[in-house]
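# Any chance you can model this:
(one chain, ligands or ions: 1)
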Amino acid sequence: SNICIVVGTRPEAIKMAPVYFALQKSESLRPVLLSTGQHREMLDQALASFSLAPDHDLNLMQPGQTLADITSRVISRVHEYLVESRPAAVLVQGDTTTVFATSLAAFYAGIPVGHVEAGLRTHNPLNPWPEEMNRRLVAPIAQWHFCPTPPSRAHLVAERIDEAKCFVTGNTVVDALLWIRGKLQDAAIDASDVARRVGISEAFAGQFLDDDDSRWILVTGHRRESHGPGFVKMCEGILRVVTEHPDVGILFPVHLNPRVREPVMQLLGDHDRIELIEPAGYQDFVWLMDRCTFLLSDSGGVQEEAPSLGKPVLVTRETTERPEGIVAGTCRLVGTDPDRIFAESDLLLRDAGEFTRRSGLENPYGDGFAAEQIRQILERSFRGG
Ligand code: UDP
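Numbers count the residues shown, from 1 in each chain. Prediction:
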């Protein structure tokens, strides 16, 4: 039976790649990769990191698209594709517009949906917007809920989703991370190769990447909730960190969204210890995460990956649907207030004991076998077991 795996953005590609590979090994199921192209360039870059290309690409992204535009295009085009190709099931991952609109299209086509990374909740329907609503709306549609942790499963059960359909598998991002890290170790990647590929200047690479004793912070940011004043404040916090710590560098692969790029380029574009680069391929980004001192990020995936690499994360949000990393101590919510970003960074840079306490290697999000479990659950379902 064909299992249609749908991806639209970078994190979906990274988190679905292990599922694709696990299904490739199945004797009874066959993966078919469908791209909506919701975020064109970063999606393709992430797929390329796994040497994956979509079997079918709807290429739906349009300049200046609104959520309503992309939702309606995904519903009608994915529906058309599903009605023609009739896969046995559709798998979606996470909480993007692609996920919600695809689930509804599959429902209309009478094809069962499996939701990978199900049950994450902030319990505030407006935050993050629109992701919390997307993930909530998938829940009543999905037939299989692949929850990363026991608390995420408990959220679904509390919403009266049938317990027999809710499975704790771990998060597939840990599978992806460990797989890529294994490849990096085998290939003994050189710092200068990574620097050249991701566009890091020789000066920054010489001062930070080539020196094992140097300290530098890896930064990412993209969330809508920080568009506008949030990113401006975050940049002010970063400037204060580099001003008060003259040995510390910042490496920041800047998201392609203009709402992120404009303030970041304007405020951080002209400092010799702040290196702004284009989004990095996943393999290079994992290499960088493995070597940075710590991360400052609003990314969901980064919060889930960092514990496996022993890297603390300061999360530039007021809320998170991923409390497990906070409880484990690796992640801490710092919002976008410049004073708070400075104070929390300063603490990690000055206090070695605090740093060590927050760089534990126990990952609450999984053990690297999530995709394998998803494959087994699907195989059992299609055998009627
Ligand atoms: N990532 C990447 N290149 C980068 C920045 C991030 O490959 O330059 C990876 C990161 O390791 C994580 C994912 O992209 O797995 C996170 O994507 P994003 O922050 O866009 O989305 P979120 O995780 O918040 O859904």
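# And for the residue sitting nearest the centre point of the chain, nearest residue in space, chain neighbours not counted?
Per C-alpha atoms, centre = their mean, the C-alpha nearest to the average position across the chain is that of Gly301, at 3.1 Å. Closest residue in space to Gly301, ignoring its immediate chain neighbours: Pro11 at 5.0 Å, by C-beta to C-beta, 6 or more residues apart in numbering. In short, each C-beta sits where N, CA and C put it, glycine included.
# And the one you found, how far from Ser192?
Going from Pro11 to Ser192 by C-beta to C-beta, to the nearest Å gives 28 Å.
# got it, and Leu47?
Distance from Leu47 to Ser192, by C-beta to C-beta: 26 Å.
# Looking at the two, which one has more neighbours?
Neighbour comparison, Leu47 and Ser192: the larger count goes to Leu47, with 23 against 14 (by other C-beta atoms under 10 Å).
# Could you report the neighbour count for Cys4?
Counted with other C-beta under 10 Å, Cys4 comes out at 25.
# Quick one: name the residues of the stretch 201-350 of the chain near the ligand.
Thr220, His222, Pro253, Pro279, Ala280, Tyr282, Phe285, Ser299, Gly300, Gly301, Val302, Glu305 (C-beta under 6 Å from any ligand atom).
# any chance of those in JSON lines, plus pLDDT, distance to Leu34 and secondary structure?
Output for these, formatted as JSON lines (pLDDT from 0 to 100; distance: C-beta to C-beta, whole Å; DSSP: H, G, I helix; E, B strand; the rest coil):
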{"residue": "Thr220", "pLDDT": "98", "distance to Leu34": "27", "secondary structure": "strand"}
{"residue": "His222", "pLDDT": "96", "distance to Leu34": "23", "secondary structure": "coil"}
{"residue": "Pro253", "pLDDT": "98", "distance to Leu34": "27", "secondary structure": "strand"}
{"residue": "Pro279", "pLDDT": "98", "distance to Leu34": "23", "secondary structure": "coil"}
{"residue": "Ala280", "pLDDT": "98", "distance to Leu34": "25", "secondary structure": "coil"}
{"residue": "Tyr282", "pLDDT": "98", "distance to Leu34": "20", "secondary structure": "helix"}
{"residue": "Phe285", "pLDDT": "98", "distance to Leu34": "25", "secondary structure": "helix"}
{"residue": "Ser299", "pLDDT": "98", "distance to Leu34": "24", "secondary structure": "coil"}
{"residue": "Gly300", "pLDDT": "98", "distance to Leu34": "22", "secondary structure": "helix"}
{"residue": "Gly301", "pLDDT": "98", "distance to Leu34": "21", "secondary structure": "helix"}
{"residue": "Val302", "pLDDT": "98", "distance to Leu34": "26", "secondary structure": "helix"}
{"residue": "Glu305", "pLDDT": "98", "distance to Leu34": "25", "secondary structure": "helix"}
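# Highest neighbour count among these?
Result: Glu305 is most packed of these (other C-beta under 10 Å), 30 neighbours.
# Secondary structure class of the nearest residue to it once chain neighbours are set aside, three-state.
Distances taken as C-beta to C-beta, 6+ apart put Leu177 closest to Glu305, at 4.9 Å, once the chain neighbours are dropped. Secondary structure, DSSP: H, G, I helix; E, B strand; the rest coil: Leu177 is helix.
# Specify the local secondary structure of Thr364.
One correction, residue 364 is Pro, not Thr. Strictly by three-state DSSP, Pro364 counts as coil.
# Output the longest helix belonging to this protein.
helix 67-85 (DSSP state H).
# Run the chain-centre distance for that one.
On the basis of C-alpha atoms, centre = their mean, to the nearest Å, helix 67-85 sits 23 Å off its chain's mean C-alpha point.
# helices and strands around that helix, which ones?
strand 2-7, strand 30-35, helix 97-109 (3 or more C-beta pairs under 8 Å, 6 or more residues apart in numbering; DSSP states H and E).
# Against which helices or strands is the last one packed?
So that's helix 97-109. strand 2-7, helix 67-85, strand 89-93, strand 113-116, helix 131-138.
# any idea of the angle the third one forms with strand 2-7?
Translated: strand 89-93. If you take axes from the mean of the first three to the mean of the last three C-alpha atoms, to 10 degrees, strand 89-93 sits at 20 degrees to strand 2-7.
# What residues of strand 89-93 count as buried?
Buried residues in strand 89-93, counted by 16 or more other C-beta atoms under 10 Å: Ala89, Val90, Leu91, Val92, Gln93.
# The first one and Tyr20, how far apart?
Spelled out, it's Ala89. As judged by C-beta to C-beta, Ala89 and Tyr20 stand 14 Å apart.
# Kindly report the same for Glu80.
Relative to Tyr20, and taking C-beta to C-beta, Glu80 is found at 23 Å.
# now Arg30, nearest residue through space, not along the chain?
Nearest non-adjacent residue to Arg30, counting by C-beta to C-beta, 6+ apart: Asn2, 5.3 Å away.
# Which residues are in contact with that neighbour?
Leu29, Arg30, Pro31, Val32, Ser85, Pro87, Ala88 (C-beta atoms under 8 Å, 6 or more residues apart in numbering).
# One more: Gly119?
Going by C-beta under 8 Å, 6+ apart, Gly119 touches Ala139, His145, Cys147, Pro148, Pro151, Ser152, Arg153, Ala154, His155, Leu156, Cys166.
# could I get the helices and strands packed on helix 67-85 as a markdown table with mean pLDDT and distance to the ligand?
Below are these laid out as a markdown table (pLDDT from 0 to 100; distance: least, C-beta to the nearest ligand atom, whole Å):
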| stretch | mean pLDDT | distance to the ligand |
| --- | --- | --- |
| strand 2-7 | 98 | 12 |
| strand 30-35 | 98 | 16 |
| helix 97-109 | 98 | 11 |
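# ok, back up a step: out of the buried residues of strand 89-93, which comes closest to the ligand?
For the buried residues of strand 89-93, the minimum distance to the ligand (C-beta to the nearest ligand atom) is 9.8 Å, reached by Gln93.
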